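**Student:** show me how the following folds:
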Amino acid sequence: MDQLIQHLVNTLILGGTYALLGIGLTLIFGIMNVVNFTHGALYTVGAYVMYLAVAALGLNFFLALPVAILGGLLLGAAIELLLLRPFRGSDIDTTMLVMIGAGIVLQSGTLWIFGGVAKAIPSPFPEAPLQLGPVSVSWLRLFVLGAALALIVVTYALINRTKLGLAMRAAFQDADTAALMGVNVRLVYTATFALGSSLAAAAGALLGPVYVVFPQMGGLAELKAFAIVILGGLGNLKGAAIGGFILALAEELGAGYVSSGYRDAMGFLIIIAVLLYKPTGLFAKAERIG
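**Tutor:** Numbers count the residues shown, from 1 in each chain. So this is what the prediction gives:
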């Protein structure tokens, strides 16, 4: 029983960052109809910006996190303006090739700049974990959970409580009609891609100190992000958030009760089962709504 409680606590911590990945990816797809193959590379960039700010520049750990998020946001905006906007109206195959190429360039760039050796991000938290009865949780992981949940709440408030969010939801429903009603759809697309990219960078910046940072770390994260989106239903933000926690639960239980070698495989087995049972995802609706 104690082991199960420990796994459930680990699920909450890991699920928060998975939810960030899933929300960012499904937000971009739902509004822009773009399959973002740079999502994993942006996750890696967020981790490296966090490393650069803390380890190389000596910036305060807590200030480095918003810097990493801002870096992801600016890079995402640049990708949309320079690579996606010129191809707006092109077929989805062309856009996918552009995004795959951009992802390869970003990953190769991080390898060229930082080298292939894994790097650790210094943490200001004590190494001794917090002991709550039978459950042991590191202070760093608690911070990761709190920061991830805060970012999810802020993203939800932005989409549902602001004029920009209203414009995003209008474009989500029907971009052409939204444009006729005066919505600057181009600005909405740039803001959407920048927001989704910042969430990917935030996930990388949060998990970088927990593990280590290396150029290929975004590959598996990107696959998991796609799995979360499929699990929750394409374009469904709440589904992506819940899907992140479901994937984390599957990985934790698989690693704890089957084998740690099957941690990643367990999540994808669930995805296969979901696709066989409900190809549109567990939380898909009859029509796409924000």
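**Student:** every contact and neighbour count from this point should use C-alpha atoms.
**Tutor:** Noted.
**Student:** in stretch 176-187, what's buried?
**Tutor:** Ala178, Val183, Val185 (16 or more other C-alpha atoms under 10 Å).
**Student:** element containing the first one?
**Tutor:** Yep, that's Ala178 we're talking about. Taking DSSP states H and E as the definition, Ala178 sits inside helix 175-180.
**Student:** related to what we said a few turns ago, any idea which of the buried residues of stretch 176-187 is the one closest to Gln3?
**Tutor:** Using C-alpha to C-alpha, the shortest approach to Gln3 within the buried residues of stretch 176-187 belongs to Val185, at 49.7 Å.
**Student:** can you show me the strands along the stretch 1-150 of the chain?
**Tutor:** Along the stretch 1-150 of the chain, counting by DSSP state E, counting those that start in this stretch, strands occupy 130-132, 135-137.
**Student:** quick one, which of those strands is packed in tightest?
**Tutor:** strand 135-137 (a mean of 16; mean count of other C-alpha atoms under 10 Å).
**Student:** show the average pLDDT along that strand.
**Tutor:** The pLDDT scores in strand 135-137 average 83.
**Student:** cool, and stretch 253-264?
**Tutor:** Per-residue scores along stretch 253-264 average to 75.
**Student:** with stretch 9-27 instead?
**Tutor:** pLDDT averaged over stretch 9-27 equals 90, rounded to a whole number.
**Student:** roughly how far out does that stretch sit from the chain middle?
**Tutor:** Relative to the chain's own centre, stretch 9-27 is displaced by 7 Å; criterion: C-alpha atoms, centre = their mean, to the nearest Å.
**Student:** CA-only coordinates of that stretch in PDB, if you can.
**Tutor:** Extracted in PDB, the C-alpha atoms of stretch 9-27 (Å, rounded to 0.1, in the frame of the first residue of the first chain):
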ATOM      1  CA  VAL A   9       2.500  10.900  -5.700                       C
ATOM      2  CA  ASN A  10       5.100  10.400  -8.400                       C
ATOM      3  CA  THR A  11       2.300  10.300 -10.900                       C
ATOM      4  CA  LEU A  12       1.100  13.800  -9.900                       C
ATOM      5  CA  ILE A  13       4.500  15.300 -10.200                       C
ATOM      6  CA  LEU A  14       5.300  13.700 -13.600                       C
ATOM      7  CA  GLY A  15       1.700  14.200 -14.900                       C
ATOM      8  CA  GLY A  16       1.900  18.000 -14.400                       C
ATOM      9  CA  THR A  17       4.800  18.300 -16.800                       C
ATOM     10  CA  TYR A  18       3.200  15.800 -19.300                       C
ATOM     11  CA  ALA A  19       0.000  17.900 -19.200                       C
ATOM     12  CA  LEU A  20       2.000  21.000 -20.200                       C
ATOM     13  CA  LEU A  21       3.500  19.100 -23.100                       C
ATOM     14  CA  GLY A  22       0.100  17.900 -24.200                       C
ATOM     15  CA  ILE A  23      -1.700  21.200 -23.800                       C
ATOM     16  CA  GLY A  24       0.900  23.000 -25.800                       C
ATOM     17  CA  LEU A  25       0.700  20.500 -28.700                       C
ATOM     18  CA  THR A  26      -3.000  20.200 -28.900                       C
ATOM     19  CA  LEU A  27      -3.500  24.000 -28.600                       C
END
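**Student:** spit out the contact partners of the closest residue to Gly16 other than its chain neighbours.
**Tutor:** Excluding its sequence neighbours, the residue lying closest to Gly16 (C-alpha to C-alpha, 6 or more residues apart in numbering) is Ala148, at 5.2 Å. Contact criterion C-alpha atoms under 8 Å, 6 or more residues apart in numbering gives Gly16, Thr17, Leu20, Ala203, Leu206 as the residues in contact with Ala148.
**Student:** go through these and flag which are in helices.
**Tutor:** Restricting the contacts of Ala148 to those inside helices, with DSSP state H as the criterion, leaves Gly16, Thr17, Leu20, Ala203, Leu206.
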